[in-house]
Every structure is written in structure tokens, then in C-alpha cells.
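Trainee: give me a model of this one.
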Amino acid sequence: MASKTYAGKTVEVTDEGYFVNSSDWTVEMAHEIAKEEGLSLTDKHVAVLNFIRDKHAKGEVLTIRAIGKSGIVDIKGFYELFPGSPLKLASKIAGIPKPSSCV
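Mentor: Numbering: from 1, shown residues only. As a prediction, this is how the structure comes out:
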């Protein structure tokens, strides 16, 4: 395990940069993680991140399709907000473990 400092707080992360303890996450940290990933977060990004965190907290399996049905953003919009591997990137910024569906 490694550690990173975001918003003045040191947290444990995996070798890929995913939070070990998702309860350490704050929105301020998300902005710093996003900046590292080359993104600038908007209110829409934050709404998606909160949706992802809520689903994770409930133990629900995260999928791109579920996010597309969230009412916050459609699938195309999700890819535009989080380019490349959107679920993997959004999960990292949201401070939750890497989804099992992502390799």
C-alpha cells in the first residue's frame, strides 16, 4: 500500500491510486485527484461521483449502464465527463475501490 496527500490529509491508496478506505474521501480531495487525472470537476461531475459513492455504500454493483440510467447523465455524457475508461476513472476520483468489472 502507498499513501497520498489530498486536501491536506494523508490517505492510504492501492498501487493504482484507489482509496483503501472510502470514508476518508471528501469533495475537496476529488478535485485534487481529478486535477492529477487532467480533469476539472463541474457540478455535474460531482453529482455523478456522489451517485457512484451512494451506490457503492449500498453494496450495489456499479455499471456504466446503471450510471446512464441515473437521471444525472446518459452513457454518452458519462464518457464525455470521464474520458477513456469512465467507470474506472470516476471510481478513482470518487474514492471507492476499483470496480470488479474493470481490468
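Trainee: tell me the secondary structure at Val11.
Mentor: Classification of Val11 using DSSP: H, G, I helix; E, B strand; the rest coil returns strand.
Trainee: meant to ask about Ala47, not that
Mentor: At Ala47, secondary structure determined by three-state DSSP is helix.
Trainee: isn't it up against Ile72?
Mentor: Yes: proximity of Ala47 to Ile72 meets the contact threshold set by CB atoms under 8 Å, at 5.0 Å. All C-beta atoms are positioned from the backbone trio N, CA, C, and that covers glycine.
Trainee: who has more neighbours, these two?
Mentor: Counted by other CB atoms under 10 Å, Ala47 and Ile72 do not tie: Ile72 has more neighbours, with 18 against 15.
Trainee: hmm, Ile64 and Phe78 touching each other?
Mentor: Yes: the pair Phe78 and Ile64 passes the contact test of CB under 8 Å, sitting 6.4 Å apart.
Trainee: which stretches in this structure count as helices?
Mentor: For the chain, helices defined by DSSP state H occupy the ranges 27-36, 43-57, 64-68, 75-81, 86-93.
Trainee: separation between Ser91 and Thr5?
Mentor: Counting by CB to CB, to the nearest Å, the gap from Ser91 to Thr5 is 20 Å.
Trainee: if we can go back for a sec, find residues that contact each of Phe78 and Ile64.
Mentor: Residues touching both Phe78 and Ile64 (CB atoms under 8 Å, 6 or more residues apart in numbering): Pro86.
Trainee: which one of the two has more residues nearby?
Mentor: The neighbour comparison of Phe78 against Ile64 (other CB under 10 Å) goes to Phe78, with 21 against 17.
Trainee: excluding its backbone neighbours, what's nearest Asn21?
Mentor: Excluding its sequence neighbours, the residue lying closest to Asn21 (CB to CB, 6 or more residues apart in numbering) is Glu12, at 6.6 Å.
Trainee: ok, now which ones touch that neighbour?
Mentor: By CB under 8 Å, 6+ apart, the contact set of Glu12 is 1-3, 19-21, 24.
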